[in-house]
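>>> got a predicted structure here, sequence first:
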Amino acid sequence: MQPPTEYGSDPVAPEARDYDPTPPPADIVRRHRARVLDPDTAEQIAGITVRSTVYVADRLLVPASADVDEAVRMLEEVAASFGLRASVEGLRGLPYDVVVVGFRPRGDEPARPPDAWSILQWTRSRFASGPVARVGLDHLMVANGRVMAVPFQPQFRPPAPSTAPTTAPTTAAATPQPLPVPAAAATTAPEDARIADYVHQGGGGRQPVAWLGPGPERRPDPAGRRPVVAILDTGCGSHPWLDAVVDNQLSLDGAYVGRPAHGRDPEAVGSMDDFEDAVAGHGTFMAGLVRIFCPDADVISVRTVDHDGAVVESDLVGTLAQIIELVLRERNGEPGGRAIDVLVLSMGYYHETSETDPFEPILAASLEALGRLGVMVVAAAGNDATSRPMYPAAFAPWSNLMGLSTTSPDRLPVISVGATNPDGAVALFSNDGPWVRAWEAGAAVVSTMPVTFHAGMSPRARRLEVGQVRSSLDPDDYSAGFAVWSGTSFAAPVLAGKLLRALGDDLEAGEGRQDAVERGWKAVEACTRIRR
């Protein structure tokens, strides 16, 4: 196998199989009031292939640019036949946002729990054209969480704690706890047993490491503005490399952009739980990779993904609508804008129809708008070892995607990124297929973690000798500030850093959108095989 050449060219790898990945764990699905679509029992329309997906069960999305009143009228008419009423639950007023239409019981009579898929299919059947053609599900997106957590994934359940003796402590310190080993997952993934290797500490799973080299050096006072990346993820915790260069408080007209932090936000509260916070430190790790590859860049960290690694599509689209408005103002030289050159997304979902079937372009419209403003969108390909297209990565230009198969000189494309191992081979967990357009290191890579993270596990052995503590490794003490981790989530910021570096040193505030698109295309063509 030939390793990939510099800047994300395609490595040679066995073709991934097209299969339906395992849905997120049931507790995450329930937490977001979601439902798994089963193609064997779901309502279908002739000529349209239905595949599995995960969606919020009690709402549908209408693009703000559609005839919202007419779409709601159609949905209300169909919902009434299910004993439900339809009502607008979210209206934020930005051009590329969505209107959330919720479904609740009608009157005092009991009704079955709403199923957005059933309502959508019956609405499509009754109203074959018009605004309903652009109505879609509110998909549950996951921050590429298969190759994530330690000591095990949410899909994995640990075996009973071992009672094997460990080296006894000689002080009153807490008794060390043995490190659980991931159990095999009972899933349909064809490569599950081998993918699980990446979850083990020592096999690419999240674990503390020491960084012994110098930190990235940042140029003081560049002549123009610095390149800017926005990372939409779990937020960013405290780290000496990042505290001075990361903006965690992006706002539009005084309103916070993203999901406000709460009591379960590890990056914000400074602590984590091994078993609950599957993606704790995810956004911090991504920010560190950008810092390594482009030390001069400013980083905007937008908390979009919850502590469980999930985000609903409507929340992501709402955040993107705010970012589009900020970039638009900056490109037009208007007050209250913000320059963004690259935007990184390391989450995704699998659409319920085949890539050759028509479907609603709600999220695609937001990404196209960013491309027209000169923002490069880098999207992780996913960690399910499947060739089934995962979105938004599969909005990248490729030959089989209807309506998005070609590039445009007037719009920067979405760039999908798969992960490679340290030796250059395609990582076994990485999604693959013609829709994956770039490859970067994403397995067993080293980057930053919040220095505040120290969860409840203890070293297997610890003792006090002559005033000093001797111990084995503490498996979840990240106070040194660095970790090794694996996932296509991390290949994306690696490419983002290279794109930022390729933009050059003469960036100026208020650059027009045409100049920004031209500059962006030069970076895309320098760092990937995508061409205008």
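Done, it's in.
>>> from Ala369, how far out is Arg134?
15 Å (C-beta to C-beta, to the nearest Å). Just so you know, the C-beta spots here come from the backbone N, C-alpha and C atoms, and that holds for glycine as well.
>>> actually Glu440, not the one I wrote
26 Å.
>>> looking at those two, which is more packed in?
Between Glu440 and Ala369, Glu440 has the larger neighbour count (other C-beta atoms under 10 Å), namely 28 against 20.
>>> with only the CA atoms kept, save the helix or strand harbouring that one in CSV.
Assigned by DSSP states H and E, Glu440 belongs to strand 438-441. C-alpha atoms of strand 438-441 as CSV (Å, rounded to 0.1, in the frame of the first residue of the first chain):
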residue,chain,number,x,y,z
ALA,A,438,-9.0,14.1,1.1
TRP,A,439,-7.0,12.0,3.6
GLU,A,440,-5.1,13.2,6.6
ALA,A,441,-3.6,11.6,9.7
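>>> beta partners for Val446?
Beta-bridge partners recorded for Val446 (DSSP bridges): Val484.
>>> quick check: it touching Ala480?
No: Val446 is not in contact with Ala480 according to C-beta atoms under 8 Å; the separation is 11.4 Å.
>>> shared neighbours, these two?
The contact sets of Val446 and Ala480 overlap at 209, 211 (C-beta atoms under 8 Å, 6 or more residues apart in numbering).
>>> which one's more surrounded, these two?
Between Val446 and Ala480, counting by other C-beta under 10 Å, Val446 is the more crowded of the two (17 against 12).
>>> and for His239, the neighbour number?
By other C-beta under 10 Å, 23 other residues sit near His239.
>>> could you check how far the closest residue in space to it that isn't next to it in sequence is from Phe285?
Counting by C-beta to C-beta, 6 or more residues apart in numbering, His239 lies nearest to Thr448, which is 4.7 Å off, once chain neighbours are set aside. From Thr448 over to Phe285 the distance is 6 Å, taken as C-beta to C-beta.
>>> quick one: the helices in the stretch 1-150 of the chain?
If DSSP state H, counting those that start in this stretch is used as the criterion, the helices of the stretch 1-150 of the chain fall at 26-31, 68-80, 116-126.
>>> now do the contacts for the residue lying closest to Pro208 once chain neighbours are set aside.
Closest residue to Pro208 apart from its sequence neighbours, by C-beta to C-beta, 6+ apart: Tyr478 at 5.2 Å. Residues near Tyr478 by C-beta under 8 Å, 6+ apart: 208, 281, 449-451, 453-454.
>>> okay, those in a markdown table with pLDDT, distance to Ile292 and secondary structure next?
Listed next are the contacts of Tyr478 as a markdown table, based on pLDDT from 0 to 100; distance: C-beta to C-beta, whole Å; DSSP: H, G, I helix; E, B strand; the rest coil:
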| residue | pLDDT | distance to Ile292 | secondary structure |
| --- | --- | --- | --- |
| Pro208 | 93 | 18 | strand |
| Gly281 | 92 | 16 | coil |
| Met449 | 96 | 14 | coil |
| Pro450 | 95 | 17 | coil |
| Val451 | 95 | 17 | coil |
| Phe453 | 90 | 19 | coil |
| His454 | 85 | 24 | strand |
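>>> quick check: closest non-adjacent residue to Asp20.
Closest residue to Asp20 in three dimensions, ignoring its sequence neighbours and counting by C-beta to C-beta, 6+ apart: Ser52, at 4.6 Å.
>>> tell me, how many residues neighbour that neighbour?
The local packing of Ser52 (other C-beta under 10 Å) involves 17 other residues.
>>> in a strand, Val524, correct?
No: the assignment for Val524 (DSSP: H, G, I helix; E, B strand; the rest coil) gives helix, which keeps it out of a strand.
>>> from Leu499, how far out is the closest residue in space to it that isn't next to it in sequence?
Leaving out its chain neighbours, the residue that sits closest to Val524 by C-beta to C-beta, 6+ apart is Ile530, at 5.6 Å. In this view, Ile530 and Leu499 are 11 Å apart by C-beta to C-beta.
>>> who's more crowded, those two?
Applying other C-beta under 10 Å to Ile530 and Leu499 shows that Leu499 carries more neighbours, namely 30 against 20.
>>> that one belongs to a strand?
No: read with three-state DSSP, Leu499 is helix and lies in no strand.
>>> excluding sequence neighbours, find me the nearest residue to it.
With sequence-adjacent residues excluded and distances taken as C-beta to C-beta, 6+ apart, Leu499 is closest to Ala523, at 4.9 Å.
>>> how deep is the one you found tucked in, by neighbour count?
Ala523: 21 surrounding residues under other C-beta under 10 Å.
>>> let me see the contact set for it.
By C-beta under 8 Å, 6+ apart, Ala523 lies in contact with 376, 499, 502-503.
>>> inside helices: which ones of those?
Those of the contacts of Ala523 mapping onto helices are 499, 502, per DSSP state H.
>>> many thanks, I have nothing further to ask.
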